[in-house]
Structure formats: structure tokens, C-alpha cells
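S.K.: Test case, fold it:
(one chain, ligands or ions: 1)
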Amino acid sequence: MCGIVGALVNEGSVVSDLIEGLRLLEYRGYDSAGVALMDARGITIRRRAGRIERLEAALAENEASSARAGIGHTRWATHGVPSDTNAHPHTDTEGRIALVHNGIIENYAELKAELVASGVKFQSETDTEVLAHLIGRELSRGNDLLQAVLASLSRVRGYYAIAAITKTPEGPRLVCARQGPPLAVAVTKDGAYLASDVLALIKHTRDVTFLEDGDVADLHIGRADVWRTDGTSVVRVPKRVEWDPEEAAKGTFPHYMLKEIHEQPDVLAHTAFDKIKEEKGDIDFGVPGFSDSDLRGIERIAVVACGTALHAGYIARYMFEGLARLPVDIDYASEFRYRDPVIARNTLAIAISQSGETADTLAALRKAKELGARTAAICNVEGSTLVREADATILTRAGPEIGVASTKAFTAQVAAAYMLAVRLARARGVLTPEAGRELVLELRLLRPRMEQMLGERIVSEVREVAEKNQHQKGFLFLGRGINYPVALEGALKLKEISYVHAEGYPAGEMKHGPIALIEPSMSIVALNSTGLVHEKVRSNIEQVRARGGRVISIGSDRESWAISDEHVEVPESSEWLSPILNVIPLQLLAYHMASLKGCDIDKPRNLAKSVTVE
Ligand code: F6R
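M.R.: From the prediction side, this is the model:
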């Protein structure tokens, strides 16, 4: 995902500092990079699609080498293809400001229409440029940069971390703001700095101020004044950052996996929020292949995927059947490719993959195509083979997933499947706009609930569960209905990174075999959220207890907590989306078990992040 840096110095130049900062943010993944440099002459912008080396080459020798202020950006494209023109920074018509942005401006279309009507000409396809023009317009009304940013942000709906510079008679001005994506600032007696990740700040000082959502920081040499978006001032105390640069690449987290688990609320916002059309009770993917006419003729769905992505596919099956009333076949890609599958007329084959490079998934997609299916991909990597080969793609916007155990890609895949189910249902006329509206609104309500799941209380509850169960011989994960695949995913996560034997089972199937395994050294993780089958799962919990098994219940069903040895509370949500909340404690449980056992969490033995061989 995008990375932002900014610097203001007393003497010398900011050029090398900005480039170095951008390099430190490379791990986030990017497709273009740019800087805006301010010297006595004004602002110079250089931006290039591709690697940072291309940007460096574009910065001709000595160009703006005396720049005392600047901002920089690595872009992970959301609105508009990766190109020199879409790369950040962006500017207003008069070139008075330069702006970098990480996030999504959800109402950019309506703001753009308003600006175009007032005569503004846009240079790029990005949502960011809207904000650059808004800030420019406020400056021309006589506001200073801080006032202009505050006034402009009051018009914007969405998630952002931004930094803007402008030239004033007193010198350069640098302002930044956060609503969603991370942003930190740091000051020394000779400078002031900002970055998406402290990694790019700790070379200057280890005393770093982490901005909170709704903060706007006005940076001066040796001082950062922080304001709230309503214009009131606020004091943010810097925190001492103790880690070394190697660790800092993971932000404040000890492992990529933990960082990625914590990114999930933002990933949901990036994947879904700009596609939600509340007024229509529908989803607009903004890409070809998902219009009414594209989808109306679909009579059957075939899902293929591997591992965690397959578990997202199992959840998708409940959604495609239950919401869009379509029959669904689903299979391991590695099985599908060597079967002689029957593809019915008007089948849409959907391949789900984080990397878009998994050999079996690609082969299964090709086979479905050969057999006459139309194809679609749910994928996290733009430009991957899967995306190139599928007839249509829904991109999950999880950003680069570095931890080998997939976490944030999974929840993004489930969100994407839910959106596709709603779109299919609306296209097929089996869902009214009113019912569609309720469903799409549930997605928005999910973000704060995910944040709650990642708050200190629940995280430490899960850590305690891991501590109490670390010496157990085995784990059986049980779930029913749409949470049955979550049981599969919980077991997979635990196996992968803590090397503990775990099985996922449909809770109703337990009595047909696995019940023989139940004894005190076996922990049963029962997923039970209020919904269609919670009473059934409760009975399954009783069956385990009657045989001396240790029960950890996870979900919103309070009565299950009362009959379990331990429980983790999950907030109520729509049953369709409960898997996204219920999987979070399972990811954390696997993480803490692996940590207690001293396993190499981000690089578990024998596993590769992207399985490009059979
Ligand atoms: C599990 C995991 C793997 C992948 C599987 C598919 O944590 O990471 O099971 O989900 O290898 O990979 P993608 O999604 O890249 O096709």
C-alpha cells in the first residue's frame, strides 16, 4: 500500500532523506513513486511509474538540491493505472501546493464533478487530485495551508493519510493529516519529519508522535502543532521507539503476521467501501465484467482455489447460494484440474487467490475456460497471471501480504465474495434495493467491530487462551453453516505456524468419528455466533463436555460461553459477515501459540508464500 514521507530542514537538502525514506517503505509494495521538492524557486514535482530508481534518474543532478522541504510517495494504485501521471504528488491548477495521499476518497466522483463544473481541469485519474484542487481553492480564498487543509478535509469522506506542502513568504509550509492509514511525525531541533511508518523516522529521532484518526499536524522546525479536524488543538506526546531497523520494517509489530492481522479493518475499507452504492443497495466494482447484462445469464458457479483462499471460497458458496440463489460447485484447484469436471452451460468459474500465481489455481482456471466457462478472479495482486488470464477480476486491496500465513487476504476475499453475491443477487433480480441496502450497510458496520476485535481486551483474552492451551495434544475446530469454513481456516492457521495438530470439522459431523478423539488433552474450539444454527452448536458443545473435552467457545452466542471452559467474545454482526469477525481470534490464537512455542512465525517451515509449482 502507499507510503508517505515528508521533511522540513533548517539547512542542507531533503532530497536524499526523502529517497531513503521511500526505500524504507518499499516493503509495503508499490507501483510508482514521486517527490515534490521546494526550494527558493518554488515546487518541483518528479514522479515515475515503476521502481524508485526510475524516480532517482528523473531527478536530474543538482535539481532542487537545495530543497529545504519536500514530500514523497510510493503509490499502490487504487484509482487509475500505475503511470507517471497518476503517480503522486498531485498539485492544484496554479501549482501552489503539492499533495501525497494514502487511502481512498470515497466521494471523489461528486467532488470532481463540482470542481470540473467550476472550470478545474484534471491531469490524472486519481481520487487524490480532487483534494489537491480543494486545498488549492481554499488557499486562493486567502486561507493558510493549515486552514485550507482543515476546510478541504471537511468536504471529504473516506480514509486517508495526506501530506501537503506550499510556499509562503516566510518559507515552506508542511501539513499532514490522518484518518485511517497510519501516519507518524517526529521533530528535532533542526527539522521536522513525517512518514507512514516510523521506520523512515528513527534515523532522525526515536521520539515519534503517532497521529490519531482525525489529527492534522502543522510541522515547523523543532515543533509539531497537532489539531483536530474541527480546528481544536490537541497535545500528542511522542513515544520512544526502541526497535532496530530490521524489526521496524514490520512497523510497531514483532512479526508481519501480527501486523497484517491488525491491518484488517483498513483492508476491508480499501477493498469494499468505495464500491458500496448505498442508494442503489448494490455494489459497483468499477471494472468490466460485473454489469447486469454480464451476470444475468449466469446459471451456475464453480469455485476453485487452494488453502486459505479455498476456505474463503467455501464461505462464498453460502453467500452465492443464500443471497444470489445460484447453485455452486467448489473444489480444491489441485483436484479440479485432474478430474473430468462437468461444466454446465452458463457457468461462471471463480478462482480465488492472494498471489494470483498459484500453479494449481491457474491450471484449474484454464481448465474451466477450456470447458466453456466464463471466468472471474478474486485476487490481491494486480498484473498477476491470474488477473491477466481471467475474463474479469475483483481486486482485493489487502496490500502486500508478507507473512506466509495468509490473514488479511482471507478477510478481503470473504468481503469481495460477499460483494459479488450482492451484485449477482441484484443483477438476477432476487434482491430488492431495500434488502440490498441493508446488506451493503453491514459492510460499513463491520469495520468498527473488527477494530473492537483487535483492541487490547480481546487480544489479551486470546493470548491467555493460548497460554492455557499451549501444552494440549491436539485441537479440533468446530463450526456450522457459514462458520464451518472458519473452523477449517482456524485449524489451518494453527497447523501452519505452530506445528500443532489441528482439524477443522462441521460441528454436526463430530459424532460421526472425531468424537472418539475427545479427552482432556484435546481442546475443542467451537465457533458459535447467533444465527441459524447456534442452538445446534450449543448441543455439540454439550456433547464435548460430557466426554471431558476442553471447550474454547468463540463467537457472539452468550449461552455457549456459559458452558465452555474459556471463551472469546465476538460482537454481534450479520450472520453473513460473522466469519470475518470470528476468524480474527483464530488468527491471533495461532499467532500466540506459535510465539509461545518459539516458532518462526513469518516463515514457517516448508511453506512458501506463493506456490508456483505443482
Ligand atoms: C495459508 C496460505 C496458503 C495459501 C495457498 C493459496 O495461510 O497462505 O494456504 O492460501 O497457498 O495461495 P494463493 O492465495 O496465493 O493462491
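S.K.: Kindly report the residues of the stretch 451-600 of the chain close to the ligand.
M.R.: 492, 496 (C-beta under 6 Å from any ligand atom). Any C-beta I mention is one placed from the backbone N, CA and C, and that applies to glycine too.
S.K.: Which single residue of the stretch 451-600 of the chain ends up nearest the ligand?
M.R.: Going by C-beta to the nearest ligand atom, the ligand is nearest to E496 of the stretch 451-600 of the chain, at 5.5 Å.
S.K.: Check which helices and strands the helix or strand hosting that residue is in contact with.
M.R.: Per DSSP states H and E: E496 is located in helix 484-498. Counting contacts by 3 or more C-beta pairs under 8 Å, 6 or more residues apart in numbering; DSSP states H and E, helix 484-498 packs against helix 307-322, strand 474-479, strand 502-506, strand 522-527, helix 578-596.
S.K.: The residue of the stretch 451-600 of the chain closest to the ligand contacts Y591, correct?
M.R.: No: using C-beta atoms under 8 Å, E496 makes no contact with Y591, being 10.8 Å away.
S.K.: Comparing these two, which shows the higher neighbour count?
M.R.: Under the criterion of other C-beta atoms under 10 Å, the comparison of E496 against Y591 puts Y591 first, with 28 against 23.
S.K.: Let me know the distance separating the more buried one from V459.
M.R.: 10 Å (C-beta to C-beta, to the nearest Å).
S.K.: and this protein, which of its residues are near the ligand?
M.R.: So the chain meets the ligand at 306-309, 353-355, 358, 361, 405-406, 492, 496, 610-611 (C-beta under 6 Å from any ligand atom).
S.K.: let's see 8 Å
M.R.: 305-310, 352-358, 361, 380, 386, 404-407, 409-410, 413, 492-493, 496, 607-611 (C-beta under 8 Å from any ligand atom).
S.K.: Tell me which entries of the residues you listed lie within helices.
M.R.: Of the residues of the chain next to the ligand, the ones assigned to helices by DSSP state H are 307-310, 361, 386, 409-410, 413, 492-493, 496.
S.K.: shaky segments in the protein?
M.R.: 1, 27-29, 61-64, 242-249, 383, 608-614 (pLDDT under 70).
S.K.: which one's the longest strand in this structure?
M.R.: The longest strand of the chain (DSSP state E) is strand 158-168.
S.K.: So for stretch 296-311, what gets flagged as buried?
M.R.: Across stretch 296-311, burial judged by 16 or more other C-beta atoms under 10 Å covers 298, 300-311.
S.K.: Which one, of the helices and strands packed on helix 484-498, ends up nearest to R68?
M.R.: helix 578-596 (43.8 Å; C-beta to C-beta).
S.K.: so what does the closest one touch, helix or strand wise?
M.R.: Secondary-structure packing of helix 578-596 (3+ C-beta pairs under 8 Å, 6+ apart): helix 256-262, helix 264-272, helix 408-427, helix 433-453, helix 456-469, helix 484-498, strand 522-527, strand 550-555.
S.K.: what's the closest of these to G136?
M.R.: So among those, helix 264-272 is nearest, using C-beta to C-beta, at 26.2 Å.
S.K.: Name the residues that touch that closest one?
M.R.: 1, 78, 103-104, 159, 180-181, 396-399, 407-408, 411-412, 415-416, 419, 443, 446-448, 450-451, 454, 580, 584 (C-beta atoms under 8 Å, 6 or more residues apart in numbering).
S.K.: Those, buried ones only, as a PyMOL selection?
M.R.: This is the PyMOL syntax for the buried subset of the contacts of helix 264-272, where burial follows 16+ other C-beta under 10 Å:
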select buried, resi 1+78+103+104+159+180+181+396+397+398+399+407+408+411+412+415+416+419+443+446+447+450+454+580+584
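S.K.: check contacts around H133.
M.R.: 92-93, 115, 120, 122.
S.K.: Buried only: go through these for me.
M.R.: By 16+ other C-beta under 10 Å, the contacts of H133 give 92-93, 115, 120 as buried.
S.K.: Can you give the distance of the helix holding E496 from its chain's centre?
M.R.: Put simply, helix 484-498 sits 20 Å off its chain's centre (C-alpha atoms, centre = their mean, to the nearest Å).
S.K.: distance of the residue in the chain that the ligand sits nearest to from A409?
M.R.: Relative to the ligand, the nearest point of the chain is G307 (1.9 Å; C-beta to the nearest ligand atom). Per C-beta to C-beta, G307 is found 10 Å from A409.
S.K.: cool, and L211?
M.R.: 27 Å.
S.K.: Neighbour count for those two, which is higher?
M.R.: Applying other C-beta under 10 Å to L211 and A409 shows that A409 carries more neighbours, namely 28 against 21.
S.K.: so what's the closest residue to that one other than its chain neighbours up against?
M.R.: What sits nearest to A409 in space, not counting adjacent residues and going by C-beta to C-beta, 6 or more residues apart in numbering, is Q354, at 3.8 Å. By C-beta under 8 Å, 6+ apart, the residues touching Q354 are 308-309, 379-381, 396, 398, 401, 406, 409, 413, 610.
S.K.: In which helix or strand does I350 reside?
M.R.: Element membership for I350, per DSSP H and E: strand 347-353.
S.K.: Domain parsing of this protein, as residue ranges.
M.R.: Segmentation of the chain into domains, based on automatic domain parsing, reads 3-250, 259-451, 455-596.
S.K.: Distance from the first one to the middle of the chain?
M.R.: Right, domain 3-250. 21 Å.
S.K.: what do you get for the shortest one?
M.R.: Taking the mean C-alpha point of domain 455-596 and that of its whole chain, the gap between them comes to 25 Å (C-alpha atoms, centre = their mean).
S.K.: pretty sure S355 is touching V381, no?
M.R.: Yes: with contacts counted by C-beta under 8 Å, S355 reaches V381, the gap being 5.8 Å.
S.K.: Could you measure from A392 over to L362?
M.R.: Here A392 is placed at a distance of 16 Å from L362 (C-beta to C-beta).
S.K.: Looking at the two now, which is surrounded by more residues?
M.R.: L362 (23 against 19).
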